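1. Any chance you can model this:
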Amino acid sequence: MRARRKLIGTPDRPRLAVYVSLKHVYAQIIDDWAGETKVAATTCEDEVAAECNGSTSNIEAARVVGRIVAERALDAGIEKVCYDTGGRTYHGRVKALADAAREAGLEF
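-> Now for the predicted structure:
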């Protein structure tokens, strides 16, 4: 909750929110001022799960989600985001998703 008070997605720099469960990885780019999700990607989607090579909850799956959410954001005209880890430490799948999004062209 402390991080949420500090991180607010604006139209210029929306918030890239990440949620990691035991089975899936979720990422959304949210404009908090408008209260809407601009772009989303998750391993629940068939096209994303097909690229994950079997497991949808490992570091490789997080990299796939990070790359896809970055590609969709760039298509929507979003180049800069602020990264919201959702209270999780910046390690493992959360870090892998961020690194893949940076490599695909998003600026944090």
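
2. which residues touch stretch 54-61?
-> 20-25, 43-44, 49, 52-53, 92-93, 96 (C-beta atoms under 8 Å, 6 or more residues apart in numbering). Yep, even glycine has a C-beta here, placed from its N, CA and C like the rest.

3. hang on, I meant stretch 37-45
-> So stretch 37-45 is contacted by 14, 24-31, 48-49, 52, 56-57, 61, 64-65, 68-69, 72-73, 76, 78 (C-beta under 8 Å, 6+ apart).

4. And that stretch, what's buried?
-> 38-43 (16 or more other C-beta atoms under 10 Å).

5. next one: stretch 43-57
-> Result for stretch 43-57 [16+ other C-beta under 10 Å]: buried residues 43, 48-49, 52, 56-57.

6. next one: that stretch to chain centre, how far?
-> Relative to its chain's centre, stretch 43-57 lies at 15 Å (C-alpha atoms, centre = their mean, to the nearest Å).

7. Span of that stretch from start to end?
-> One end of stretch 43-57 sits 8 Å from the other (C-alpha to C-alpha, to the nearest Å).

8. what's the average pLDDT for that stretch?
-> The average of the pLDDT scores along stretch 43-57 is 90.

9. and what of stretch 88-106?
-> pLDDT averaged over stretch 88-106 gives 96.

10. Dump it to CSV, restricted to CA.
-> What follows is stretch 88-106 as a C-alpha-only set of coordinates in CSV (Å, rounded to 0.1, in the frame of the first residue of the first chain):
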residue,chain,number,x,y,z
ARG,A,88,6.8,-7.7,-4.3
THR,A,89,10.5,-7.4,-4.2
TYR,A,90,12.3,-6.6,-7.4
HIS,A,91,13.7,-10.1,-7.9
GLY,A,92,13.0,-13.2,-10.0
ARG,A,93,9.9,-13.0,-12.3
VAL,A,94,9.2,-9.4,-11.4
LYS,A,95,12.7,-8.4,-12.5
ALA,A,96,12.6,-10.6,-15.6
LEU,A,97,9.4,-8.9,-16.8
ALA,A,98,10.9,-5.5,-16.3
ASP,A,99,14.2,-6.4,-18.1
ALA,A,100,12.2,-7.8,-21.1
ALA,A,101,10.0,-4.7,-21.3
ARG,A,102,13.1,-2.5,-21.3
GLU,A,103,14.8,-4.5,-24.0
ALA,A,104,11.6,-4.3,-26.1
GLY,A,105,11.7,-0.5,-25.9
LEU,A,106,9.8,0.8,-22.8
